[in-house]
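K.L.:
Sequence and predicted structure, then a few things I'm wondering about:
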Amino acid sequence: QVAGADALGRTFVCGACSVETCMSCHLESHPFIPCERYKVFKEDPDLSLKEWRKGKEHVNECPVCGYTIEKIDGCNHIECRCGKHVCWVCLEFFENSEECYGHLRAVHQTFI
C-alpha cells in the first residue's frame with residue numbers, strides 16, 4: 001500500500017515484495033512517462049503502434065494473426081511470424097511460398 005500521493009511521480013519500492021509503485025498515480029512504476037500518458041497506454045497498449053501505422057503505405061496487418069508487418073523493399077511475398085505467406089498487394093494469405101508466388105504471377109502478373 002502506498003500512503004500518500006507524490007506530485008513528482010517518484011517510485012516506491014515495497015520492502016516486503018519489491019513491487020515498484022508510482023507514488024503519484026499508484027499504478028506500477030513508469031519512469032520517464034507522465035502519469036496521464038501512462039494511464040492512456042494502460043487503457044490501449046497498442047495506441048502508439050496504431051498512431052505510428054497511420055498513413056504508412058509500407059505497413060499492413062497480417063490478415064491471419066493481426067501482427068503488424070512492414071515491407072521495406074523486395075518482392076510482394078511476405079512471410080509473417082505466424083507462418084502464413086501473404087500477398088502484399090491484396091493481403092490474401094497462403095500456406096506456402098509456392099502458392100503465394102503462383103497467385104502473384106496469375107493475379108498480379110508479377111511478384112515484384
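P.N.:
Cool, got the structure. Residues are numbered from 1 along each chain as shown.
K.L.:
so what pLDDT did Gly4 get?
P.N.:
Per-residue pLDDT puts Gly4 at 55.
K.L.:
same question but for Ala7, I mixed them up
P.N.:
So, for Ala7, pLDDT stands at 56.
K.L.:
could you measure Cys87 against Glu20, distance?
P.N.:
In this view, Cys87 and Glu20 are 46 Å apart by Cβ to Cβ, to the nearest Å. In this view, the C-beta of every residue, glycine as well, is placed from N, C-alpha and C.
K.L.:
Compare the two and say which is more crowded by neighbours.
P.N.:
Neighbour count, other Cβ atoms under 10 Å: between Cys87 and Glu20, Cys87 has more, with 21 against 12.
K.L.:
so what's the more buried one scoring on pLDDT?
P.N.:
97.
K.L.:
Got phi/psi on it?
P.N.:
Backbone torsions of Cys87, given as degrees, to the nearest 10, read phi -80, psi 120.
K.L.:
Same check on Val13?
P.N.:
Dihedral angles (degrees, to the nearest 10) for Val13: phi -110, psi 120.
K.L.:
Make sure it is actually in contact with Cys22.
P.N.:
No: using Cβ atoms under 8 Å, Val13 is not in contact with Cys22, being 11.3 Å away.
K.L.:
more crowded one of these two?
P.N.:
A direct count of neighbours by other Cβ under 10 Å for Val13 and Cys22 places Cys22 higher, at 22 against 10.
K.L.:
so after the least confident helix or strand in the chain by mean pLDDT, what's the next helix or strand?
P.N.:
Among the helices and strands of the chain, helix 47-53 carries the lowest confidence by mean pLDDT, DSSP states H and E, at a mean of 81. Reading on from helix 47-53 to the C-terminus, the next helix or strand found by DSSP states H and E is strand 59-61.
K.L.:
ok, for the residue sitting nearest the centre point of the chain, nearest residue in space, not its chain neighbours?
P.N.:
The centroid of the chain falls nearest to Leu49 when counting by Cα atoms, centre = their mean (5.0 Å). The shortest distance from Leu49 to any non-neighbouring residue, by Cβ to Cβ, 6 or more residues apart in numbering, is to Thr68 (6.3 Å).
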